[in-house]
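A.B. asks: How does the following fold in three dimensions:
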Amino acid sequence: QVQLVESGGGLVQAGGSLRLSCVASGRTFSEYHLGWFRQAPGKEREFVAAISWSGTSDGAAFARGRFTISRDNDKNTVYLQMNSLEPQDTGVYYCAADRNWNNIIGYSSQQPDYWGQGTQVTVSS
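C.D. replies: Predicted structure coming up:
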């Protein structure tokens, strides 16, 4: 069982930056692939970025060049550094964990096994 708790969301002006954190419980954190997803008002949840247990990362097209995902296995924490934020980045950001990489990056129909409660990010114009 893995419990995930996000933090770091808030209100920021367009062009600004935020760093989201997600702390996980459990002793097997390093065995999990981790991802960030977001859901804007009235829209479906979408994939943002993912990082494998070995440190390989991938991101959605809109995230590349602006968002960076990283992990610290000693702290059981995954981060999402978001730069050059735009109003369309507004939404609730969730972290997720799964042992199956395809579930984290959306290559399968199965959703990740574990989710956090989400943290709100609002970007004003």
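
A.B. asks: can you pull out the strands in this structure?
C.D. replies: All strands of the chain, identified by DSSP state E, fall at 4-7, 10-13, 18-24, 33-39, 46-51, 57-59, 67-72, 77-82, 91-98, 114-115, 119-124.

A.B. asks: Just want the angle from the third one to strand 46-51.
C.D. replies: Counting by axes from the mean of the first three to the mean of the last three Cα atoms, to 10 degrees, strand 18-24 points 70 degrees away from the direction of strand 46-51.

A.B. asks: What of the last one?
C.D. replies: Angle of strand 119-124 versus strand 46-51, following the same axes, to 10 degrees, is 120 degrees.

A.B. asks: How about the fourth one?
C.D. replies: Going by the same axes, to 10 degrees, strand 33-39 is angled at 160 degrees with respect to strand 46-51.

A.B. asks: tell me which residues in strand 33-39 are buried?
C.D. replies: Neighbour-count burial for strand 33-39 flags 33, 34, 35, 36, 37, 38 (criterion: 16 or more other Cβ atoms under 10 Å). Heads up, the C-betas are built off the backbone N, CA and C, glycines and all.

A.B. asks: And the first one, by the same measure?
C.D. replies: Buried residues in strand 4-7, counted by 16+ other Cβ under 10 Å: 4, 6.

A.B. asks: Perfect, that will be all.
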